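Visitor: only geometry, no sequence info:
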């Protein structure tokens with residue numbers, strides 16, 4: 001065990017955990033931030049996506065040792081009230097069915113819109129292709145991203 005100081009959702013926190021502990025479990029088990037979901041545990045499904053310095057990463061395969069001194073944002077940090085434009089668009093368009101992948105979908109899309117405020121259809125498709133949705137709401141996810149981009153212009 002080692003103490004690590006993290007910046008999570010704009011706040012400094014200290015955790016006592018092994019350096020190889022995946023961020024997902026730091027969030028869920030130690031910090032009680034349960035919005036980030038466990039999906040596959042091998043970085044393939046995207047349910048555990050968070051931002052590391054505004055870049056989307058899979059927290060299930062990102063060890064605590066790699067994040068020292070970097071800014072981490074979870075779905076809870078995107079908007080404390082759920083009023084981030086993407087969250088609002090997801091609700092408005094009834095994107096979620098089961099909702100399990102929604103935090104990963106939103107965090108991945110939010111990072112895209114930070115980099116590319118008005119992404120092309122191809123950029124949206126390329127960015128979102130590796131975040132899996134078992135319910136198959138991909139068309140509504142893309143529509144929510146387009147709607148958010150339009151509203152932010």
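Guide: Here it is on my side, so go on. These numbers come from a predicted model, not from an experiment.

Visitor: any idea how far residue 47 lies from residue 147?
Guide: 23 Å (Cβ to Cβ, to the nearest Å). Placement of C-beta: from N, CA and C, glycine included.

Visitor: Looking at these two, which one has more neighbours?
Guide: Taking other Cβ atoms under 10 Å, residue 47 and residue 147 do not tie; residue 47 has more neighbours (26 against 17).

Visitor: Now for that one: which residues touch it?
Guide: By Cβ atoms under 8 Å, 6 or more residues apart in numbering, residue 47 lies in contact with 36-40, 100-101, 103-104, 131-132.

Visitor: Could you check the pLDDT of it?
Guide: Residue 47 carries a pLDDT value of 97.

Visitor: nearest residue to it other than its sequence neighbours?
Guide: Using Cβ to Cβ, 6 or more residues apart in numbering and skipping residues adjacent in sequence, the residue nearest residue 47 is residue 39, 3.3 Å away.

Visitor: Pull the contacting residues for that neighbour.
Guide: Counting by Cβ under 8 Å, 6+ apart, residue 39 has contacts 45-48, 60, 100-101, 104, 132.

Visitor: in the protein, what spans have low per-residue confidence?
Guide: When residues are selected by pLDDT under 70, none of them lie in the chain.

Visitor: Give me the domain ranges for it.
Guide: 2-78, 85-151 (automatic domain parsing).

Visitor: And the residue nearest to residue 58 when sequence neighbours are not counted, how close does it get to residue 65?
Guide: Leaving aside its chain neighbours, residue 58 sits nearest to residue 43 (3.9 Å; criterion: Cβ to Cβ, 6+ apart). In this view, residue 43 and residue 65 are 16 Å apart by Cβ to Cβ.
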